[in-house]
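1. A predicted structure for the sequence below; I have some questions about it.
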Amino acid sequence: MRIIHLSDLHFPTKLGITTLRGKSLLGYGNYFLRRKVKYPENLWTGLVTYLSQMSYDALLITGDLTNVSHPIEFERAYQNLAPLLDNKAFLIPGNHDRYKKEALAPEPLFEKFFGEWMGEVVGLRAFVRKKVIKDYVMLGWDSNKPMPPLVASGYVEPEVFSISKPILQKEKVILLCHHPLWNPGKKIESRSHRLKNRQEVAKFLSENPPLVYLHGHTHTNWFKEPGPILPFPVVNSASSSRLTDNAHHSGFHLIQISAKGIQVERHVFVEGTWQETALQRFQESEGVV
Ligand SMILES: [Fe+2]
Ligand SMILES: [Fe+2]
């Protein structure tokens with residue numbers, strides 16, 4: 001089983017200032033101006049070509065396709081992703097795709113544009129989606145809700161646990177959720193950025209482990225080895241469409257699952273070309289749950 005994991009594509013999209021209000025205006029100023037330079041177009045077009053030459057069974061994306069959940073951003077994200085959207089694709093939203101109430105009602109915009117690649121609905125009230133590819137279950141959780149300005153925290157609803165438990169106990173599960181469960185270093189993420197019930201999620205998954213947990217949200221790549229608290233690998237592929245710099249290890253991961261176990265490769269855009277590079281590999285004890 002060969003899995004490509006991308007995250008946090010945040011395609012920079014020019015929006016009319018008059019179409020933005022409140023939080024969106026603030027967010028647009030913040031993200032568009034900063035991100036335009038960091039997310040060059042040749043990096044993305046190069047990635048589409050690079051992936052077209054790789055063989056894989058699943059293409060998984062853990063959210064943040066947009067910046068302020070504007071319909072024009074969703075349209076742009078759809079056009080950029082179109083060459084990769086086939087029956088191997090499975091996508092979940094990130095907090096930037098649920099940025100404000102209008103992104104969810106009257107019609108959820110993420111579902112409007114990407115519903116075809118979001119698998120089947122498992123939970124009616126809570127967001128749990130699944131897609132079976134080659135005997136493996138891709139299980140998607142939505143940890144995002146519209147929040148006040150400058151808040152990017154997430155939450156996994158109690159129903160998500162009860163719906164997911166029998167699937168995690170019976171199937172070979174690749175779990176996707178936008179927010180991290182573990183961070184390298186001594187400090188957990190700030191309260192305004194992290195999964196609010198992270199300890200509860202960690203306890204649930206330690207008792208009902210997936211084969212691997214895929215996420216994004218914090219924009220630098222890492223791979224956490226299975227450990228005593230989270231007995232499965234954790235992979236962060238954010239941000240796959242961004243240039244690498246001193247503070248951000250960007251790129252994507254190729255995850256291979258076989259009888260030998262799980263092997264992970266990291267690929268990065270350097271001087272105009274995509275290539276394999278060293279994993280940002282950590283033991284669980286080198287960070288915090
Ligand atoms: Fe992000
Ligand atoms: Fe995020």
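-> Noted; the coordinates are in hand. Ligands and ions are numbered 1, 2, ... in the order given.

2. contacts only, for residue 76.
-> Residues in contact with residue 76, defined by Cβ atoms under 8 Å, 6 or more residues apart in numbering, are 11, 13. The C-beta positions use only the backbone N, C-alpha and C, and glycine is treated the same way.

3. confirm it sits in a helix?
-> Yes. Assessed with DSSP: H, G, I helix; E, B strand; the rest coil, residue 76 lies in a helix.

4. what pLDDT does the model give it?
-> At residue 76, the model reports a pLDDT of 97.

5. residue 266 versus that one, what's the distance?
-> Distance, residue 76 to residue 266, by Cβ to Cβ, to the nearest Å: 27 Å.

6. OK, contacts around the residue of the stretch 101-250 of the chain at minimum distance from ligand 2?
-> Closest contact between the stretch 101-250 of the chain and ligand 2, by Cβ to the ion, is at residue 217 (3.9 Å). Contacts were defined as Cβ under 8 Å, 6+ apart; by that measure residue 217 touches 7-8, 63-64, 94-95, 152, 154, 178-180, 193, 236, 238.

7. could you rerun that using 6 Å?
-> 178-180 (Cβ atoms under 6 Å, 6 or more residues apart in numbering).

8. show me the contacts for residue 66.
-> Contacts of residue 66 (Cβ under 6 Å, 6+ apart): 73, 77, 96-97.

9. can you pull the pLDDT of it?
-> pLDDT for residue 66: 96.

10. leaving out sequence neighbours, find the closest residue to it.
-> Nearest residue to residue 66 in three dimensions, chain neighbours excluded: residue 73, at 3.9 Å (Cβ to Cβ, 6 or more residues apart in numbering).

11. what about residue 89, distance to ligand 2?
-> In this view, residue 89 and ligand 2 are 20 Å apart by Cβ to the ion, to the nearest Å.

12. show me what the spatially most central residue of the chain is bridged to.
-> In the chain, the residue lying closest to the centroid (Cα atoms, centre = their mean) is residue 62, at 2.0 Å. Here residue 62 sits in beta bridges with residue 92, as judged by DSSP bridges.

13. just the contacts of residue 66 that are near ligand 1?
-> The subset of the contacts of residue 66 within reach of ligand 1, by Cβ under 5 Å from the ion, is empty.

14. any weak-confidence spans in the stretch 101-250 of the chain?
-> Along the stretch 101-250 of the chain, no part satisfies pLDDT under 70.

15. for it, which segments count as strands?
-> 120-121, 128-133, 136-141, 173-176, 183-184, 212-215, 222-224, 234-236 (DSSP state E, counting those that start in this stretch).

16. where does the first one sit relative to the chain's centre, distance-wise?
-> From the chain centre to the centre of strand 120-121 is a distance of 18 Å (Cα atoms, centre = their mean, to the nearest Å).

17. phi first, then psi, for the nearest residue to residue 101 once chain neighbours are set aside.
-> Distance criterion Cβ to Cβ, 6+ apart; nearest residue to residue 101, sequence neighbours excluded, is residue 146 at 5.1 Å. Main-chain dihedrals, residue 146, degrees, to the nearest 10: phi -60, psi 140.

18. surely residue 23 meets residue 149?
-> Yes. If you go by Cβ atoms under 6 Å, residue 23 and residue 149 touch, sitting 4.7 Å apart.

19. pick out whichever of these two has more residues nearby.
-> More crowded of residue 23 and residue 149, by other Cβ atoms under 10 Å: residue 23, with 18 against 12.

20. identify the residues contacting that one.
-> Residue 23 neighbours (Cβ under 6 Å, 6+ apart): 100, 149.

21. who does the lengthiest strand in the chain pair up with?
-> For the chain, the strand with the greatest residue count under DSSP state E is strand 261-270. Using DSSP bridges, strand 261-270 pairs in its sheet with strand 252-258 (antiparallel), strand 273-277 (antiparallel).

22. most tightly surrounded among these?
-> Per residue and on average, the most neighbours among these fall to strand 252-258, with a mean of 19 (mean count of other Cβ atoms under 10 Å).

23. between it and strand 136-141, how big is the angle?
-> Strand 252-258 runs at 140 degrees relative to strand 136-141, counting by axes from the mean of the first three to the mean of the last three Cα atoms, to 10 degrees.
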